[in-house]
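Colleague: Have a look; sequence and predicted model below, questions after that.
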Amino acid sequence: MFRNATVRNIFCTLFAIGIIVFGRARRAKRVALTSNVITAIYFHNPNRRLFARCIQWLINNGYTFITLNDVIEILYHGKAIPTGAVWLSLDDGYKEWVHEVMPLIRRRNIPVTLFIPPGVVENGGRFPWLHGGLSDNLEQSRRHAHGERDAVSISELKTMADHPGITIGGHTLNHTVTVNLLEDQTRLELAEAKRILESWTGAIVESFAYPMGAYSGHEKSALKAFGYKVGATTADAFITREADPYLLPRFSVADNISFPEAICNMVGVWRPTITPLKNLFRRNNSSTRLTATAVRHSGEAVTSQHN
């Protein structure tokens, strides 16, 4: 497992360097800085070094950090989009945020939206998706074996929310994917998440991120009804003035990747470039398996005839 992860990172690093060297990342950055768009970037659980390098790269390259309120003002009230506008967010509420990202956010006064599932935070703080199998991270594996928290505590979240650059958003109550929920279940997840987060922070919750980036469209009426003004997806695109406020795209920067790959993610060229290659690999893999199966069956048929 660890060897596969290392091979993956080596390949992706070299591939990302090629994208940068041949100018595709530079051209995408130019669009972000000159085309009256918002670059929305989200993280899950970045390590301190990667997060710091991403922030410094954005600063060095002329991006302007904007708040959630700026996004709302731009989409609803026609506020001007600053040059190189970038809206940062982090999903899920990992306990590592306290030491890995919050010190830099406070020191550099970077505005960030934190999307939190409060049911997970208040009920043991364990993320279900980290307990279905072995983690690639030895420290996480050790913690899970001892029943330790994955998520921040309520008091830690309150401390984070007190910082003027931080806004808190909903992520359903229990990080529940809403696609297949009944209407009343969706409304419960959205309403309770908002109510609990507002009771903890004393601030109005106006933003929401779809868990796993999945949505069916039925969520929009409930989001409106409960006072959410923004819904964030994982679609790979810039935010324009014409964007649906409840289906805002965001570029993902994965955990523990190389910095060149992170750059390609932040400017939006990574997934459009790598996905066709993945699909080609899957098709070739599938064809190879089918060929091997056909050869095996053919051999079985010959053996049967001889018998």
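Modeller: Good, I have the coordinates. Residues are numbered from 1 along each chain as shown.
Colleague: ok, now how distant is L181 from R126?
Modeller: Distance, L181 to R126, by C-beta to C-beta, to the nearest Å: 22 Å. Where C-beta positions appear, they are placed from N, C-alpha and C, glycine not excepted.
Colleague: higher neighbour count, the two?
Modeller: A count of neighbours by other C-beta atoms under 10 Å puts L181 above the other of L181 and R126, at 19 against 15.
Colleague: Now the more buried one. Nearest residue, chain neighbours left out?
Modeller: Leaving out its chain neighbours, the residue that sits closest to L181 by C-beta to C-beta, 6 or more residues apart in numbering is E189, at 7.0 Å.
Colleague: Confirm the one you found sits in a helix?
Modeller: Yes. Assigned with DSSP: H, G, I helix; E, B strand; the rest coil, E189 falls within a helix.
Colleague: Hmm, it is touching N174, no?
Modeller: Yes. Contact status for E189 versus N174: in contact at 7.1 Å, counting by C-beta atoms under 8 Å.
Colleague: For the two, indicate the residue with more neighbours.
Modeller: E189 (25 against 15).
Colleague: tell me the contacts of that one?
Modeller: Counting by C-beta atoms under 8 Å, 6 or more residues apart in numbering, E189 touches T172, L173, N174, T176, T178, L181.
Colleague: I'd like these as CSV, with pLDDT and secondary structure appended.
Modeller: Converted to CSV, the contacts of E189 look like this (pLDDT from 0 to 100; DSSP: H, G, I helix; E, B strand; the rest coil):
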residue, pLDDT, secondary structure
T172, 98, coil
L173, 97, coil
N174, 95, coil
T176, 96, coil
T178, 96, coil
L181, 94, coil
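Colleague: Name every strand pairing with the longest strand out of those in the chain and say which way it goes.
Modeller: Ranked by residue count, the top strand of the chain under DSSP state E comes out as strand 85-91. Applying DSSP bridges, strand 85-91 is found paired with strand 39-43 (parallel), strand 64-65 (parallel), strand 112-116 (parallel).
Colleague: so which of those gets nearest L248?
Modeller: Counting by C-beta to C-beta, L248 lies closest to strand 39-43 out of these; the figure is 6.3 Å.
Colleague: Please name every helix or strand in contact with the next helix or strand after the closest one.
Modeller: Counting by DSSP states H and E, the next helix or strand C-terminal to strand 39-43 is helix 48-60. Helix 48-60 sits against helix 97-100, helix 102-108, helix 259-266, with contacts defined as 3 or more C-beta pairs under 8 Å, 6 or more residues apart in numbering; DSSP states H and E.
Colleague: helix or strand right after the helix or strand of the chain with the lowest mean pLDDT?
Modeller: Counting by mean pLDDT, DSSP states H and E, the weakest-scoring helix or strand in the chain turns out to be helix 138-145, with a mean of 49. Beyond helix 138-145 on the C-terminal side, the first helix or strand identified by DSSP H and E is helix 154-161.
Colleague: what angle do that next one and strand 112-116 make?
Modeller: Angle, helix 154-161 to strand 112-116, by axes from the mean of the first three to the mean of the last three C-alpha atoms, to 10 degrees: 160 degrees.
Colleague: buried residues in helix 154-161?
Modeller: E156, L157, M160, A161 (16 or more other C-beta atoms under 10 Å).
Colleague: from the chain's centre, how far out does it sit?
Modeller: Put simply, helix 154-161 sits 21 Å off its chain's centre (C-alpha atoms, centre = their mean, to the nearest Å).
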